[in-house]
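K.L.:
sequence and predicted structure below; questions after.
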Amino acid sequence: VPDEAAAAAGPVTTTDKIEVLEKSGLADKALVVEEEIAKGFMKAKLTWDVELVLNDLAIGKDKFYNLQLLASKEGGEYWAVQNWGKTGMAGTVKVDGPFANIADAKRVFRKRFRAKTGNVWGALAGSFANHPNKYRLLEREAEREAGAPAKEHPAKWQYYLHNKVDGKKLGWYDYDKSARENMEKYYNQFTRDASLNVRLIQSDYFKYEVSFSDMIQRNVKSGMRRVIRRVPVGTRLSNEAPKKIPEPAEPEKLEVPPESSDDEEGGSDESPEDEDEYMGAEEGGFGEAEADVVIEWKEEEPAEAKAGVAEGDEAEEAALAALAALGGRKAPEVAAAPAAGGRAPPPAAAGAPGG
């Protein structure tokens, strides 16, 4: 079992293959921590970067929660960064640190991961358990092997305008840049997790239900449904109308839940970011709002809090030891890998236009 105190005293390894959360303000000065755990002939890679999602259509929730452990490029400083919010929005970014000791930053990371998922950080593949009203772990894209063709450019996304709006002609229209990038991100998530075939995507003023299996978007407030399409780079476009135009759905009754005073640092998953806001504005694209940024300096935790976290530390070490003993694969965040194994960077951000 690796000794974390010894590991902390040794060199901290990082990866530049994963993009640092932009709104953290640390992209130029820090990298994501990535550790190699060895036991005999087995090696495991623990990358301190996770992408979580809570997608529950029955109660109208679709949220994300991202976590990163960062180390300064210059050495000696460490941060735990969280980014959470409704799918489609930039959300809130919170930065804990800088810490002089990496163990303190790891403690924050583990605490957040366990609170949001109900799982101990560093679980073996297949042992991550989904819990009601908790976030689940998103599988990462497989890393491109050496010599493999470069990843294709993001596809174009379009919607079909089948009714007259603001004097526009009927026909196919491109999503704007932000919406296109967001749609590509959520489509890629769908290709990795088939259960994410329907997403609830929030814009500044409207919420859309997007079905990637049916290629239909629905404005939740108005009930308007439109055909959408993904056009890979190099594909010849057809201007023909879709064979079937979907009928409008019944508008949903929009009840704004009472504001919660809880923040994401506590035990609750709710925050003001989770409340749906519908404003009397003209419907437009799924733009991405500016993220809120909260920077907090480290505070000494009470002894009982540290004792609770230590249980997570021991469980992680036990999981790593079990991996080495069994030669099994870990969840995406702790993937068993050959000595030369690497990791792929995560995708990008939300949306779609057209009412």
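P.N.:
Good, I have the coordinates.
K.L.:
show me the shaky parts of the stretch 151-300 of the chain.
P.N.:
Confidence mapping of the stretch 151-300 of the chain against pLDDT under 70 gives the ranges 151-153, 254-300.
K.L.:
strands of that one, residue ranges please.
P.N.:
Secondary structure of the stretch 151-300 of the chain (DSSP state E, counting those that start in this stretch): strands at 156-161, 171-174, 198-202, 207-211, 216-219, 225-231, 292-296.
K.L.:
for the nearest residue to residue 175 once chain neighbours are set aside, what are its contacts?
P.N.:
The shortest distance from residue 175 to any non-neighbouring residue, by CB to CB, 6 or more residues apart in numbering, is to residue 157 (4.4 Å). From N, CA and C alone the C-beta is placed, and that goes for glycine too. By CB atoms under 8 Å, 6 or more residues apart in numbering, residue 157 lies in contact with 174, 175, 179, 180, 183, 184, 228, 229, 230, 231, 352.
K.L.:
do you know how far the fourth one is from residue 77?
P.N.:
Which is residue 180. Look at residue 180 and residue 77: by CB to CB, to the nearest Å, they are 36 Å apart.
K.L.:
more neighbours: which of these two?
P.N.:
A direct count of neighbours by other CB atoms under 10 Å for residue 180 and residue 77 places residue 180 higher, at 22 against 18.
K.L.:
would you confirm that that one contacts residue 154?
P.N.:
Yes - between residue 180 and residue 154 there is a contact at 6.7 Å, judged by CB atoms under 8 Å.
K.L.:
just the element for residue 93, please.
P.N.:
Under the criterion of DSSP states H and E, residue 93 resides in strand 92-99.
K.L.:
show me what secondary structure element comes after that strand.
P.N.:
Next along from strand 92-99, by DSSP H and E: helix 102-117.
K.L.:
next helix or strand past that next one?
P.N.:
Counting by DSSP H and E, what follows helix 102-117 is strand 136-137.
K.L.:
now that next one: mean pLDDT?
P.N.:
When pLDDT is averaged over strand 136-137, the result is 94.
K.L.:
and it, what does it pack onto?
P.N.:
Counting contacts by 3 or more CB pairs under 8 Å, 6 or more residues apart in numbering; DSSP states H and E, strand 136-137 is packed against strand 49-56.
K.L.:
what residues sit buried inside the strand it packs on?
P.N.:
Within strand 49-56, the residues scored as buried using 16 or more other CB atoms under 10 Å are 49, 50, 51, 52, 53, 54, 55.
K.L.:
give me every residue that touches the fifth one.
P.N.:
When contacts are counted by CB under 8 Å, 6+ apart, residue 53 touches 62, 63, 64, 65, 87, 135, 136, 138, 189, 196.
K.L.:
if we can go back for a sec, tell me the angle the strand holding residue 93 makes with helix 102-117.
P.N.:
Counting by axes from the mean of the first three to the mean of the last three CA atoms, to 10 degrees, strand 92-99 points 150 degrees away from the direction of helix 102-117.
K.L.:
now for strand 92-99, which elements pack on it?
P.N.:
Using 3+ CB pairs under 8 Å, 6+ apart, strand 92-99 sits against strand 78-86, helix 102-117, strand 292-296.
K.L.:
strand partners (parallel or antiparallel) of it?
P.N.:
strand 78-86 (antiparallel), strand 292-296 (parallel) (DSSP bridges).
K.L.:
what angle sits between the first one and strand 49-56?
P.N.:
Read that as strand 78-86. 20 degrees.
K.L.:
give me the sheet partners of the longest strand along the chain and which way each runs.
P.N.:
Assignment by DSSP state E gives strand 61-72 as the longest strand of the chain. If you go by DSSP bridges, strand 61-72 pairs up with strand 30-39 (antiparallel), strand 49-56 (antiparallel), strand 78-86 (antiparallel).
K.L.:
most packed of those?
P.N.:
strand 78-86 (a mean of 25; mean count of other CB atoms under 10 Å).
K.L.:
just the angle for that one relative to strand 198-202, thanks.
P.N.:
On the basis of the same axes, to 10 degrees, strand 78-86 is oriented at 100 degrees to strand 198-202.
K.L.:
so for strand 78-86, what's the average pLDDT?
P.N.:
Mean pLDDT, strand 78-86: 97.
K.L.:
pull the CA atoms of that strand into PDB?
P.N.:
In PDB, the C-alpha atoms belonging to strand 78-86 read as follows (Å, rounded to 0.1, in the frame of the first residue of the first chain):
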ATOM      1  CA  TYR A  78      -1.600  23.000  -4.700                       C
ATOM      2  CA  TRP A  79      -5.300  23.700  -5.200                       C
ATOM      3  CA  ALA A  80      -8.600  21.800  -5.200                       C
ATOM      4  CA  VAL A  81     -10.900  23.200  -7.900                       C
ATOM      5  CA  GLN A  82     -14.600  22.600  -8.300                       C
ATOM      6  CA  ASN A  83     -17.000  23.700 -11.100                       C
ATOM      7  CA  TRP A  84     -20.700  23.000 -10.800                       C
ATOM      8  CA  GLY A  85     -23.900  24.200 -12.300                       C
ATOM      9  CA  LYS A  86     -26.900  23.400 -14.500                       C
END
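K.L.:
quick one: that strand to strand 207-211, angle?
P.N.:
Going by the same axes, to 10 degrees, strand 78-86 makes 90 degrees with strand 207-211.
K.L.:
which of the strands of the stretch 151-300 of the chain sits closest to residue 105?
P.N.:
When the strands of the stretch 151-300 of the chain are compared by CB to CB, strand 292-296 sits nearest residue 105, at 12.2 Å.
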